[in-house]
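Q: need a structure here:
(one chain, ligands or ions: 1)
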Amino acid sequence: MYSPKIALLISGTGSNAKRLIHFKPLQLCCEFIVISSKNNDSMRLFCEENKVDYFEIEGNTEELNLLANKICREKFVTHIVLAGFLKKISFDIIKNYRGRILNIHPSLLPKFGGKGMYGRHVHRAVFNAGETKTGITIHEVTEIYDQGKIIAQYEVSISKLDDVEQIEQKVRELEEKYFPEVVKNFVTG
Ligand code: GRF
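A: Predicted structure coming up:
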């Protein structure tokens, strides 16, 4: 029986990745591996406790992609989910996994997307622009940054009293609420 195996690629704290691994409907249908582009002892421990293979890969973007591609092939990965992964994915990986790579971006793309738009930078740009709403965009990954087919978008209003931290918190609440379900639907098709 075909069972999806998801590679979670992270560069940050990995809170989205941890939530996916703990999401019951995903646990029932899928296996995971985690690949981090940064040292992350908390994620290493979490993966040990949850019996998930964990890899930390160093090096420049090209070396990192080569290694990630090798790991995904050797571990029979079927889908890739970028959850705060800050490196550009190589054409090789995109070709091998076309239509099976998801990214979550913390704004309502196409607004506040593209190079350099990640983490707090996004929320600061939204704040500086005086937006009245923001949100998350979950999209397929293609060769062009943040421009793959949009799978889901969820928005939240911003009040004049919200500062950058409060905007970030509102976005993280959307990620917590919606990302696991979208990933499950995506991998179980
Ligand atoms: C999240 O804001 C996500 O939208 C973006 O990067 C951040 C990852 O946070 N892609 P974490 O590492 O999952 O805590």
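Q: I'd assumed residue 164 was in contact with residue 127.
A: Yes: proximity of residue 127 to residue 164 meets the contact threshold set by C-beta atoms under 8 Å, at 4.9 Å. Every C-beta, even on glycine, is put in place using the N, C-alpha and C of the backbone.
Q: And residue 91, how far from the ligand?
A: As for residue 91, its distance to the ligand is 21 Å (criterion: C-beta to the nearest ligand atom, to the nearest Å).
Q: Quick check: residues of the protein near the ligand?
A: Proximity of the chain to the ligand, by C-beta under 6 Å from any ligand atom, involves residues 10, 12-17, 83-84, 104-106, 119, 175.
Q: Only whichever of these are buried, select them in ChimeraX.
A: Only the buried entries of the residues of the chain next to the ligand go into this ChimeraX selection, using 16 or more other C-beta atoms under 10 Å:
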select :10,12,14,15,16,17,83,84,104,105,106,175
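Q: Just put the residues of the chain next to the ligand in TSV and tack on pLDDT, secondary structure and distance to residue 98.
A: As requested, the residues of the chain next to the ligand are exported to TSV (pLDDT from 0 to 100; DSSP: H, G, I helix; E, B strand; the rest coil; distance: C-beta to C-beta, whole Å):
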residue	pLDDT	secondary structure	distance to residue 98
10	97	strand	22
12	94	coil	26
13	95	coil	29
14	96	coil	25
15	95	helix	28
16	96	helix	23
17	98	helix	22
83	95	coil	19
84	92	coil	22
104	96	strand	19
105	96	strand	19
106	97	coil	24
119	92	coil	27
175	97	helix	25
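Q: Let me have the residues of the chain next to the ligand in CSV, extended by distance to residue 187.
A: Below are these laid out as CSV (distance: C-beta to C-beta, whole Å):
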residue, distance to residue 187
10, 17
12, 22
13, 23
14, 19
15, 20
16, 15
17, 14
83, 14
84, 18
104, 14
105, 19
106, 21
119, 25
175, 17
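Q: so where is the protein shaky, pLDDT-wise?
A: Regions of the chain meeting the criterion pLDDT under 70 cover residues 1.
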